[in-house]
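[1] Need coordinates for the below:
(one chain, ligands or ions: 2)
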Amino acid sequence: MADKRDFYEVLELEKGASAEDIKKAYRKLARQYHPDVNKGADAESKFKEVKEAYDTLSDDQKRGIYDQYGHVDPNQFGGGGGQDAGGFGDIFDMFFGGGGRRDPNAPQRGNDLQYTMTIEFKEAVFGKETEITIPRTENCDPCNGSGAKPGTKPENCSVCRGTGQQEVVQNTPFGRMVNRRACTNCSGTGKIIKDKCSNCHGAGKVKKQRRITVRIPAGVDEGAQIRLNGEGEGGTRGGPNGDLYIVLRVKSHEFFDRENDDIYCEVPLTFAQAALGDEIEIPTLTEKVKLKIPAGTQTSTYFRLKGKGVPKLRGYGNGDQHVKVTIVTPTSLTDEQKDLLRQFGGLGGSTSVGTDSEEHHESIFDRMKKAFRGD
Ligand SMILES: [Zn+2]
Ligand SMILES: [Zn+2]
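    Ligands and ions are numbered 1, 2, ... in the order given. Model prediction:
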């Protein structure tokens, strides 16, 4: 193995090369030496060399080992037989620890939790206070999280003397190597519990259904997250609790649409209302308000109801409500309506008011209003 060329040299790279550079160099050289393409005498061995270098350098863990120790034959580790699996496992434990070097007695923060909550459209607008039940892991009360029967304490592990780590000395081609791994006697905790707490069976933790009050502020929108500090899972050895994240899903509304702080809705108008003008009632989030439709309103016109939108989550005031009017062409007309429309058309086919004699218009328009009202 000693006569092997340096992997970086093989790929014509510097030691700190980026993953991208490694990939590029490999592609270039693999193409150059591929036995299908290159019939040179040493092409195949070159190709193998390039591939081996790439296999190691493109794998972060293997590259880490290579950078520190150079060429290593995995079969020479772990006292193993032919296969590399066990040997490599030990090397990885050695360098990447699997948490083995962490102080087993250090406080550890609890996990964060996420809860998805679906709320009604108007609940998002106005906010609400609600209670939810979440399952979470908490410290066991009787043993105060120690896992030991109340009145007793966990004892330091005699094998690792409380460190949670075991040192295994191995002889390798590079000399003696000290392999640290999690203590098998105490599973890396550094403690042995002789008398286990009967409530948590030594785990120090129990699953609980916890009721939590959640206050949803007015103005939240789809996908909003609310963080409840310390309402996640319990910490270990005095560590703080994790947090609870509430992710909001907002149901749609049959009449209102929402875009940020603005509300959108659509209302139908009869032909007469649009042509002659009218005052109509529009539902808003809180009440019904009157909206004046001017004569000659075209279909798809928007009217704005200022301040009738959603309360702003940050800052003051509300968004607006936008009302889109759609003119519905009547499909079945009475004889009187037909007659009036013909008279109306006879005025010049124009919907504008005031071009002919005012008196004549008033009477036709009044009759039309009556005839088409409530269409
Ligand atoms: Zn131990
Ligand atoms: Zn307990």
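
[2] For the stretch 101-250 of the chain, which segments count as helices?
    With helices called from DSSP state H, counting those that start in this stretch, the stretch 101-250 of the chain shows them at 121-126.

[3] how about low-confidence regions in it?
    101-104 (pLDDT under 70).

[4] how about a cut-off of 90?
    The stretch 101-250 of the chain contains residues with pLDDT under 90 at 101-110, 137, 139, 141, 143-147, 153-154, 160-184, 186-191, 202-205, 234-240.

[5] which bits of it sit near ligand 2?
    Residues of the stretch 101-250 of the chain lying close to ligand 2 (C-beta under 5 Å from the ion) are C140, C143, C197, N199, C200. For glycine as for every other residue, the C-beta is placed from the backbone atoms N, C-alpha and C.

[6] Help me confirm that the second one comes into contact with H201.
    Read that as C143. No. Using C-beta atoms under 8 Å as the test, C143 is too far from H201 to be in contact (10.2 Å).

[7] neighbour count winner among these two?
    Counted by other C-beta atoms under 10 Å, C143 and H201 do not tie: C143 has more neighbours, with 27 against 12.

[8] count of residues packed around the closest residue to the more buried one other than its chain neighbours?
    Excluding the flanking residues, the one nearest C143 by C-beta to C-beta, 6 or more residues apart in numbering is C197, at 3.6 Å. The number of residues packed near C197 is 23, by other C-beta under 10 Å.

[9] Kindly report the same for K15.
    Residues lying near K15 (other C-beta under 10 Å) number 9.

[10] For it, list the residues it contacts.
    By C-beta atoms under 8 Å, 6 or more residues apart in numbering, the contact list for K15 reads Y8, D67.

[11] Okay, it and E138: tell me how far apart.
    49 Å (C-beta to C-beta, to the nearest Å).

[12] C200 now?
    Counting by C-beta to C-beta - C200 and E138 are separated by 10 Å.

[13] Show me which of these two is the more surrounded one.
    Using other C-beta under 10 Å as the criterion, C200 and E138 rank with C200 on top: 21 against 17.

[14] now G232, nearest residue through space, not along the chain?
    G242 (2.7 Å).

[15] Beta-bridge partners for the residue nearest to Q273 when sequence neighbours are not counted, please?
    Excluding the flanking residues, the one nearest Q273 by C-beta to C-beta, 6+ apart is I293, at 6.0 Å. Judged by DSSP bridges, the bridge partners of I293 are D278.

[16] Please work out how many residues are found near the closest residue to M177 other than its chain neighbours.
    Leaving aside its sequence neighbours, M177 sits nearest to Q170 (C-beta to C-beta, 6+ apart; 5.2 Å). Neighbours of Q170 under the rule other C-beta under 10 Å: 15.

[17] quick one: Q170 and R180, what's the gap?
    11 Å.

[18] where along the stretch 1-150 of the chain do the strands fall?
    Along the stretch 1-150 of the chain, counting by DSSP state E, counting those that start in this stretch, strands occupy 113-119, 128-139.

[19] Which pLDDT value does the model give the nearest residue to V50 once chain neighbours are set aside?
    The spatially closest residue to V50, leaving aside those adjacent along the chain, is L29, at 4.6 Å (C-beta to C-beta, 6+ apart). Model confidence at L29, given as pLDDT, is 89.

[20] which residues does L29 contact?
    V10, L11, E12, K46, V50 are the contacts of L29 under C-beta under 8 Å, 6+ apart.

[21] Which of these sits closest to ligand 2?
    L11 (55.7 Å; C-beta to the ion).

[22] and the nearest residue to the closest one once chain neighbours are set aside, what is it in contact with?
    Excluding the flanking residues, the one nearest L11 by C-beta to C-beta, 6+ apart is A25, at 4.3 Å. With contacts defined as C-beta under 8 Å, 6+ apart, A25 is in contact with L11, E12, L13, A17.

[23] List the residues that are in contact with both of C200 and E138.
    V206.

[24] Just confirm V214 contacts T130, I think it does.
    Yes. Counting by C-beta under 8 Å, V214 touches T130, with 5.5 Å between them.

[25] if you count what's nearby, which of the two comes out ahead?
    Comparing V214 with T130 by other C-beta under 10 Å, the one with more neighbours is V214, at 18 against 13.

[26] quick one, what contacts C157?
    Per C-beta under 8 Å, 6+ apart, neighbours of C157: G164, C183, N185, C186, T189, G190, K191, I192.

[27] Export those as a markdown table, with columns for distance to A218 and neighbour count.
    As requested, those are exported to a markdown table (distance: C-beta to C-beta, whole Å; neighbours: other C-beta atoms under 10 Å):
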| residue | distance to A218 | neighbour count |
| --- | --- | --- |
| G164 | 50 | 25 |
| C183 | 54 | 23 |
| N185 | 57 | 15 |
| C186 | 52 | 24 |
| T189 | 47 | 21 |
| G190 | 50 | 23 |
| K191 | 49 | 21 |
| I192 | 54 | 18 |
